[in-house]
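>>> fold the following for me, if possible:
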Amino acid sequence: SKTLMHSAIKQIADLFTVLESELTFTSGATESNNMALVGTCLANMNFGNHIIVSKLEHPSIYKICEYLETLGFEISYVSNDQDGLIDFEDLKHKIRPNTLLVSVCAVNSEVGVRQPLKMIRQIIKKENPSTLFHSDMTQAVGKIPINFHDVDMASISAHKIFGPKGIGLFYKNSRV
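Okay, here's the model as predicted:
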């Protein structure tokens, strides 16, 4: 079974053109989201306490944010324009020196809005190069082209692409 696991990781790494060491199997996108947000915050709390999320996230992201608030983290919610896209000016103004993380889902599960992740990443890195960018790509994978290189971390769930329930994937760039 170890051989099968290694083979699966290698296939996924090749598919997304990432390193095998950048991928971790989880129990689903919710666990992957927890690893991204809680992991980032707890590992970097000496550098800041501010997180930005969109107003069109999966409920699991908001639950994590509620938990992080109890630990003293501050959450900002970036606005969307009338088409549901991230308001770039609002994002620009919300990023601060103590902003650890921005999390924006690639595709919203209810209204289907596709966010321009590459553009969002460019804005984040221009305003604060040390702010990390996470995206829940669960609703995007298998439906639209996705590029893990547009983000620092990503979450995926297998059951959305005809895989079994209870399996997810967490991508974390090796530079993180």
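>>> helices of this protein, residue ranges please.
2-16, 29-43, 59-70, 88-94, 117-127 (DSSP state H).
>>> and the angle from the second one to helix 59-70?
Relative orientation of helix 29-43 and helix 59-70, computed by axes from the mean of the first three to the mean of the last three C-alpha atoms, to 10 degrees: 20 degrees.
>>> which neighbouring elements make contact with helix 29-43?
Applying 3 or more C-beta pairs under 8 Å, 6 or more residues apart in numbering; DSSP states H and E, one finds that helix 29-43 makes contact with strand 23-26, helix 59-70, strand 99-103, strand 132-136, strand 153-157, strand 168-172. All C-beta spots, glycine's among them, are computed from the backbone N, C-alpha and C.
>>> and it with strand 153-157, angle?
Helix 29-43 runs at 160 degrees relative to strand 153-157, counting by the same axes, to 10 degrees.
>>> now do helix 29-43: distance to the chain's middle.
Relative to its parent chain, helix 29-43 has a centroid offset of 9 Å by C-alpha atoms, centre = their mean, to the nearest Å.
>>> turn the helices and strands packed on helix 29-43 into TSV, including mean pLDDT.
Shown next, in TSV, are the helices and strands packed on helix 29-43 (pLDDT from 0 to 100):
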stretch	mean pLDDT
strand 23-26	95
helix 59-70	95
strand 99-103	98
strand 132-136	97
strand 153-157	96
strand 168-172	96
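>>> now for the ones you listed, which one comes closest to residue 117?
Among the helices and strands packed on helix 29-43, strand 132-136 comes nearest to residue 117, with 5.8 Å by C-beta to C-beta.
>>> give me the sheet partners of that closest one and which way each runs.
strand 99-103 (parallel), strand 153-157 (parallel) (DSSP bridges).
>>> state the distance from residue 81 to residue 88.
Per C-beta to C-beta, to the nearest Å, residue 81 is found 9 Å from residue 88.
>>> an error on my part: the question was meant for residue 153.
Per C-beta to C-beta, residue 153 is found 21 Å from residue 88.
>>> cool, and residue 100?
Residue 100 is 20 Å from residue 88, by C-beta to C-beta.
>>> could I get the pLDDT score of residue 159?
Residue-level confidence at residue 159 comes out at 68, pLDDT.
>>> cool, and residue 122?
In this prediction, residue 122 carries a pLDDT score of 98.
>>> give me the distance between it and residue 51.
From residue 122 over to residue 51 the distance is 19 Å, taken as C-beta to C-beta.
>>> so who does residue 139 touch?
Residue 139 makes contact with 105-109, 112, 160 under the criterion C-beta atoms under 8 Å, 6 or more residues apart in numbering.
>>> can I get those residues in JSON lines including distance to residue 44 and neighbour count?
Compiled in JSON lines, these are given as follows (distance: C-beta to C-beta, whole Å; neighbours: other C-beta atoms under 10 Å):
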{"residue": "105", "distance to residue 44": "22", "neighbour count": "26"}
{"residue": "106", "distance to residue 44": "23", "neighbour count": "26"}
{"residue": "107", "distance to residue 44": "27", "neighbour count": "20"}
{"residue": "108", "distance to residue 44": "27", "neighbour count": "21"}
{"residue": "109", "distance to residue 44": "28", "neighbour count": "15"}
{"residue": "112", "distance to residue 44": "33", "neighbour count": "10"}
{"residue": "160", "distance to residue 44": "29", "neighbour count": "19"}
